[in-house]
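[1] My questions are about this predicted structure, shown below with the sequence.
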Amino acid sequence: NTPHSKPIKSVKKLTEDLCKICGAHAADGTLASSFICITDEDESNLKCFKKWIENTFKIKSPNIRKVKNSNEWKLAFHNKVISRYLNKIFEFPNGKKIYNVNEPKIIKNSNIKFRRAFAIGTLSFEAGLGITHTIGFCVSSKAFRDSICNILNSCGMKLKIMKKKSSEYWRFWSNTLSVEEAKRWLDFFEPFTEKWFKLYEYINGFQGRISKFKDAIMGKRA
């Protein structure tokens, strides 16, 4: 593309990491021409996204940075090739997408292994897991919500689906999780991310050591 461009691997088939990239981008990513940006409050999610990008396209992505005056972390970079994958092949629009984002057709028409990987990327970034041991999902796009529900239902997961929009959002919830149900949900979050750890600790007992009361409130481990 330019004298400073570096070679990038041409990805010719779907991979699980590529589908996870798409799921994470659908949840929290921004695309503008050749600019790609994704943000999240959990740095561990950004580390996984960085790993997926580097494993898939065999490039070194920029460092993860703290967003100024915010609790969020950010990974942002310019790459025409990767942006064209997201825009031309997976049909993610440039700019605002919260109301019309959806599971890409090429993934939706593939097998459950790749659809499940898309759900892992999405849920790792977008799902919520509270002290009530219930997993929740809340987005502005009904089609996006319904696609994730379809994937989860195809894998035998039990959901409570809100039939009407609430405060501009479409939602679903899990049941209050038993330990056995939590073990099944664990497979829908990228290992060693914050939500994965919360489920893991619910199943196996608390694994960390809290040094400050503030950290306990924030759910951090030492």
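    Perfect, thanks for sending it.
[2] got the buried residues for stretch 44-57?
    44-50, 52-53, 56-57 (16 or more other CB atoms under 10 Å). The C-beta positions use only the backbone N, C-alpha and C, and glycine is treated the same way.
[3] nope, stretch 11-29 is what I was after
    By neighbour count with 16+ other CB under 10 Å, stretch 11-29 contains the buried residues 11, 14, 16-29.
[4] Sort out for me which of these are in strands.
    Counting by DSSP state E, the part of the buried residues of stretch 11-29 found in strands is G29.
[5] Where does confidence bottom out across the buried residues of stretch 11-29?
    Minimum pLDDT for the buried residues of stretch 11-29 is recorded at V11 (92).
[6] measure that one to K60 for me?
    Look at V11 and K60: by CB to CB, to the nearest Å, they are 17 Å apart.
[7] just P7 next, same as before
    Distance from P7 to K60, by CB to CB: 12 Å.
[8] Same question for R184.
    Taking CB to CB, one finds R184 at 36 Å from K60.
[9] These two - which one has more neighbours?
    Neighbours per residue, other CB atoms under 10 Å: of R184 and K60, the larger number sits with R184, 16 against 11.
[10] I'd guess that one is in a strand, am I close?
    No. According to DSSP: H, G, I helix; E, B strand; the rest coil, R184 belongs to no strand; its state is helix.
[11] I figured it was touching L152, is that so?
    No. Counting by CB atoms under 8 Å, R184 sits too far from L152 to count as a contact (10.1 Å).
[12] Neighbours of the nearest residue to P104 once chain neighbours are set aside, how many?
    Using CB to CB, 6 or more residues apart in numbering and skipping residues adjacent in sequence, the residue nearest P104 is F90, 4.0 Å away. Burial measure for F90: 21 neighbouring residues, criterion other CB under 10 Å.
[13] And for G205?
    7.
[14] how much space between it and T193?
    From G205 to T193 the distance is 19 Å (CB to CB).
[15] Over to E201?
    13 Å.
[16] Could you tell me how far stretch 104-122 lies from the centre of the chain?
    12 Å (CA atoms, centre = their mean, to the nearest Å).
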